[in-house]
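In: following is a predicted model, sequence given first.
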Amino acid sequence: MDTSSQRHVVVIGAGIAGMEASAQLQGLGYAVTLLEEQPQTGGNLLTWDRLFPFKRPASEVLGELRSRLGGIHVLTSRRILNIEKLNAQFILTVNDGTVLTADAVLVATGFKPFDAYRKEEYGYGIYDNVFTSVDIERMFREERRILTRSGEVPRRVGFIHCVGSRDEKAGNRYCSKVCCVTAVKQASELKEMYPDCEVFCFYMDLRMFDRHYEQMYLDAQTRYGVTFVRGRLSEAAETIDKRIAIKVEDTLVGKPMKMTVDMLVLMVGMEGRTTQLYNSPTLGLSVGKDRFLNAVDEYTDNNLSRTEGVFLAGTCTGPKHIPEVLADAGAAALRIHRYLCQKA
Amino acid sequence: MVNFGFTINKSTRIDYDQASKDVSRYVIAHEPSALLCIGCGCCTATCSAGQFTPFNLRRIQLQVHRGELARLEQETEKCMLCGKCQMVCPRGVNTRHLVMTIHKAMTLYNRGELKDL
Ligand SMILES: Cc1cc2nc3c(=O)[nH]c(=O)nc-3n(C[C@H](O)[C@H](O)[C@H](O)COP(=O)(O)OP(=O)(O)OC[C@H]3O[C@@H](n4cnc5c(N)ncnc54)[C@H](O)[C@@H]3O)c2cc1C
Ligand code: SF4
Ligand code: SF4
Ligand code: SF4
């Protein structure tokens, strides 16, 4: 593969998609530069503690993916200032002055968690004891304990599904896919930590779509004693003792219900990033109304952007869990390989 | 015949084959956002009328579409038209107008004037 070893692919975004695709491309004989705007590789997984379905530590998964990056030119804390096209090559100018020439570009810019401040009626950032799923992961990872703002062990916790997803008012119609199972996971972890704490999940539909998820749901019910209520939170208010009073309808009973909890946890969804890069005329990316990137074809050409030489991988094209992201990244690497072979 | 004192209760299940779809059709034609409902119960949870009466907008919608029409005309009169439900509905159903539409449809239906939309 002497000719292909001369070819250069730039991967933008060093989340798990970017890392996996880089390793695969390097294995195929390409020179790879992996560009990341944050100081570290890892993307959103840097914040997660233990991963569904089997509670494997996120740090372990990241460690394994990083160990495959040997020989790859990894540039962190770098922003792309400009991209031009010269013949079939892309010329990328980076904020440290570096200029990279690439035969193909892979966009692996991922997602950002929904900003819960935008769902004002749920009181995030207004009431002390309203948290997000991201906060809970961070607490598990950094403090190894889940406590109320005043440092007490919670006696009752409510998890709210679909925050910033499936919500016309938040401007997000789609389902974020991973938050139902994340709620089941976090609720179970909380019961494991505090068996006497009452834990509720308030859901619209429980989307336990993958092989092991229904088992997690079953364990949550039987082994951990999590209570599932089918109803969407309408409003939350703070009580005088800093607890959170919530209103839902228990739709299966058919009656409105009020309940006071010590902590309210909002299961925030995934949102497409609105990065400057998405406006680059050279990349010519097609951004959907939902702010995720559109591929040429959602069935057969998932990794192809509308611009020749520009490819897509990971959650920048929509919500995915880890195995899907890694499969997608591998597939993208092969599409790039096919493209560069045809060009040779 | 000897009377053993048994009576046969009228079936309480939904008989979808027999149920009238006229009210449902009228409501969808006059307030198409009725089709958007996913039964999440947000409207019911926040409803001013529902705090004091068994008024339940989520259930009323289902009753309309299943042809369970008994007492719906009186039921919909409990709505205070405050519009709170509309603020919380995640699907953007035009809930307040929906209640008025259901009420109108039921009035016509009970007068036997609904058949021809
Ligand atoms: C609360 C929560 C919990 C989850 N838990 C699990 C779990 O337990 N198990 C599981 O399978 N999945 C889980 N997921 C899903 C998982 O997080 C995603 O599948 C995964 O993070 C997606 O990886 P990615 O590489 O596509 O994107 P990201 O992780 O978002 O990585 C993208 C990277 O690109 C970088 N970037 C973006 N724009 C630029 C730019 N212009 N220039 C340079 N760099 C850029 C970002 O800084 C980031 O490092 C969870 C998701 C959420 C929301
Ligand atoms: S995965 Fe569950 S919580 Fe997340 S948006 Fe979909 S239905 Fe809602
Ligand atoms: S408008 Fe009617 S149905 Fe809606 S919240 Fe007010 S009282 Fe309830
Ligand atoms: S809030 Fe909207 S979607 Fe939910 S039950 Fe009421 S009308 Fe239906």
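Out: That came through, no problem. None of these values were measured; they are calculated from a predicted model. Numbering: from 1, shown residues only, chains lettered A, B, ... in the order given. Ligands and ions are numbered 1, 2, ... in the order given.

In: residue contacts, residue 77?
Out: Since you didn't name a chain, this refers to chain A. The contact partners of A:Ser77, by C-beta atoms under 8 Å, 6 or more residues apart in numbering or on different chains, come to A:Glu36, A:Glu37, A:Gln38, A:Pro39. In this view, the C-beta of every residue, glycine as well, is placed from N, C-alpha and C.

In: ah, I was thinking of chain B
Out: Contact criterion C-beta under 8 Å, 6+ apart gives B:His103 as the residues in contact with B:Glu77.

In: so in the chain, which helix runs the longest?
Out: You didn't pick a chain, so chain A it is. With secondary structure taken from DSSP state H, chain A has its longest helix at helix A:322-343.

In: not quite, I wanted chain B
Out: Secondary structure assigned by DSSP H gives helix B:95-110 as the longest helix of chain B.

In: so what does the residue nearest to A:Gly164 when sequence neighbours are not counted look like in phi/psi?
Out: The spatial neighbour of A:Gly164 that comes closest, neighbours along the chain excluded (C-beta to C-beta, 6 or more residues apart in numbering or on different chains), is A:Phe114 at 3.0 Å. The phi and psi torsions at A:Phe114 (degrees, to the nearest 10) take the values phi -60, psi 140.

In: same thing with the one 3 residues further on?
Out: Per-residue torsions, A:Tyr117: phi -60, psi -30 (degrees, to the nearest 10).

In: against ligand 3, how distant is it?
Out: Counting by C-beta to the nearest ligand atom, to the nearest Å, the separation of A:Tyr117 from ligand 3 is 25 Å.

In: hmm, A:Val130 and that residue touching each other?
Out: No. Under the criterion of C-beta atoms under 8 Å, A:Tyr117 lies out of contact with A:Val130, with a separation of 10.4 Å.

In: which residues do those two both contact?
Out: Each of A:Tyr124 lies in contact with both A:Tyr117 and A:Val130 under the rule C-beta under 8 Å, 6+ apart.

In: which one's more surrounded, these two?
Out: More neighbours surround A:Val130 than the other of A:Tyr117 and A:Val130, with 24 against 12 (other C-beta atoms under 10 Å in any protein chain shown).

In: burial count for the residue in the stretch 51-200 of chain A that ligand 3 sits nearest to?
Out: For the stretch 51-200 of chain A, the residue positioned closest to ligand 3 under C-beta to the nearest ligand atom is A:Glu121, at a distance of 14.1 Å. Close neighbours of A:Glu121, defined as other C-beta under 10 Å, add up to 15.

In: hang on, the earlier thing: got the contact list for the longest helix of chain B?
Out: Counting contacts by C-beta under 8 Å, 6+ apart, the residues touching helix B:95-110 from outside are B:20, B:22-23, B:26-27, B:30-31, B:33-34, B:43, B:57, B:60-61, B:64, B:69, B:72-73, B:76-77, B:79, B:81-83, B:85-86, B:89, B:114.

In: please narrow those residues to those residing in helices.
Out: Assignment to helices by DSSP H places the following of these there: B:22-23, B:26-27, B:30, B:43, B:57, B:60-61, B:64, B:72-73, B:76, B:85-86.

In: now rank these by neighbours and give me the top one.
Out: Neighbour count (other C-beta under 10 Å) singles out B:Cys43 as the most crowded of the ones in helices among the contacts of helix B:95-110, with 30 neighbours.

In: can you give me the pLDDT of that one?
Out: In the prediction, the pLDDT value recorded for B:Cys43 is 97.

In: same thing with A:Ile322?
Out: Among the per-residue scores, A:Ile322 shows a pLDDT of 98.

In: in chain A, what residue is nearest ligand 4?
Out: Of all residues in chain A, the one sitting closest to ligand 4 is A:Arg232 (6.5 Å; C-beta to the nearest ligand atom).

In: just checking, that residue is part of a strand?
Out: No. Residue assignment for A:Arg232, taken from DSSP: H, G, I helix; E, B strand; the rest coil, gives coil, which places it outside any strand.

In: count the residues that sit near it.
Out: Taking other C-beta under 10 Å as the criterion, the count of residues near A:Arg232 is 28.

In: nearest to ligand 2 among the ones in helices among the contacts of helix B:95-110?
Out: B:Cys43 (18.1 Å).

In: how much space between the closest one and A:Arg155?
Out: Taken as C-beta to C-beta, to the nearest Å, the spacing of B:Cys43 relative to A:Arg155 amounts to 30 Å.

In: for the longest helix of chain B, buried residues please.
Out: For helix B:95-110, the neighbour count (16 or more other C-beta atoms under 10 Å in any protein chain shown) marks B:95-106, B:108-109 as buried.

In: near ligand 4, which of these show up?
Out: Checked against ligand 4 using C-beta under 6 Å from any ligand atom, those yield the following neighbours: B:Thr95.

In: and stretch A:146-163, how far out from the chain's middle?
Out: Averaged C-alpha coordinates place stretch A:146-163 at 22 Å from its chain's average position (C-alpha atoms, centre = their mean, to the nearest Å).

In: if you could redo that for stretch A:190-200, that was the one I meant.
Out: Distance, centroid of stretch A:190-200 to centroid of chain: 26 Å (C-alpha atoms, centre = their mean).

In: quick one: end-to-end length of that stretch, please.
Out: 11 Å (C-alpha to C-alpha, to the nearest Å).

In: do the same with stretch A:133-153
Out: Between the opening and closing residues of stretch A:133-153 there is a gap of 18 Å (C-alpha to C-alpha).

In: residues making contact with it?
Out: Outside of stretch A:133-153, the residues that reach it under the criterion C-beta under 8 Å, 6+ apart are A:47-50, A:58, A:113, A:128-129, A:131, A:154, A:179, A:182-183, A:186, A:189-190, A:193-194, A:197, A:242, A:262-263, A:265-268.
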